[in-house]
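Novice: Structure for the following, please:
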Amino acid sequence: VQLQASGGGLVQPGGSLTLSCAVSGGELNYNAIGWFRQAPGKEREGVSCISRDGRKIMYEGSVKGRCTISRDNAKTTVSLQINSLKPEDTTVYYCAARLAGVLPTPNSYSYWGQGTLVTVSS
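Specialist: Model (predicted):
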């Protein structure tokens with residue numbers, strides 16, 4: 001399974017951003033996609049995850065209540081919209097896939113994309 005995260009960039013505080021995770025090379029071999037973020041010097045933390053059928057969704061951490069995860073019908077792209085962005089949301093965001101069900105813990109994911117940088121600044 002290969003994952004490609006995109007959509008990061010510079011956004012002003014209070015703005016919104018939609019990140020995308022393109023999944024390929026094994027679309028049938030995973031059961032959950034998760035979004036995570038990792039600031040320099042800090043541990044990777046869970047943001048959100050969604051099951052393959054889209055029926056189970058979890059949100060974690062400080063973005064809870066400010067983001068929405070979704071997937072397309074072809075199950076090849078998972079999007080994460082983050083609203084009311086704050087400067088402390090500045091970091092690299094990663095998407096990952098796991099073979100079992102949804103979990104917000106990074107260590108339980110086997111396949112990782114390269115990350116996309118989100119910078120929140122005026």
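
Novice: Which helix or strand contains residue 81?
Specialist: Assigned by DSSP states H and E, residue 81 belongs to strand 77-82.

Novice: Just the CA trace of that strand, in PDB.
Specialist: Coordinates of the C-alpha atoms in strand 77-82 are reproduced here as PDB (Å, rounded to 0.1, in the frame of the first residue of the first chain):
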ATOM      1  CA  THR A  77      -8.700   9.200  -1.300                       C
ATOM      2  CA  VAL A  78      -9.200  10.200   2.400                       C
ATOM      3  CA  SER A  79      -9.600  13.900   3.100                       C
ATOM      4  CA  LEU A  80      -9.100  15.800   6.400                       C
ATOM      5  CA  GLN A  81     -10.600  19.200   6.700                       C
ATOM      6  CA  ILE A  82      -9.300  21.300   9.600                       C
END
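
Novice: neighbouring contacts of it?
Specialist: Strand 77-82 is contacted by residues 16-23, 33, 35, 47-48, 50, 63, 66-72, 89, 93, 95, 118 when judged by C-beta atoms under 8 Å, 6 or more residues apart in numbering. For every residue, glycine as well, the C-beta is placed using N, CA and C.

Novice: can you dump the C-alpha coordinates of the next helix or strand after it into CSV?
Specialist: Following strand 77-82 in sequence order, the next helix or strand is strand 91-98 (DSSP H and E). Extracted as CSV, the C-alpha positions of strand 91-98 are listed here (Å, rounded to 0.1, in the frame of the first residue of the first chain):
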residue,chain,number,x,y,z
THR,A,91,3.5,20.8,11.9
VAL,A,92,3.9,18.0,9.4
TYR,A,93,0.7,15.9,8.9
TYR,A,94,1.0,12.2,7.8
CYS,A,95,-1.5,9.7,6.6
ALA,A,96,-1.2,6.0,7.3
ALA,A,97,-2.9,2.7,6.7
ARG,A,98,-3.4,-0.3,8.9
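
Novice: I appreciate the help and will end here.
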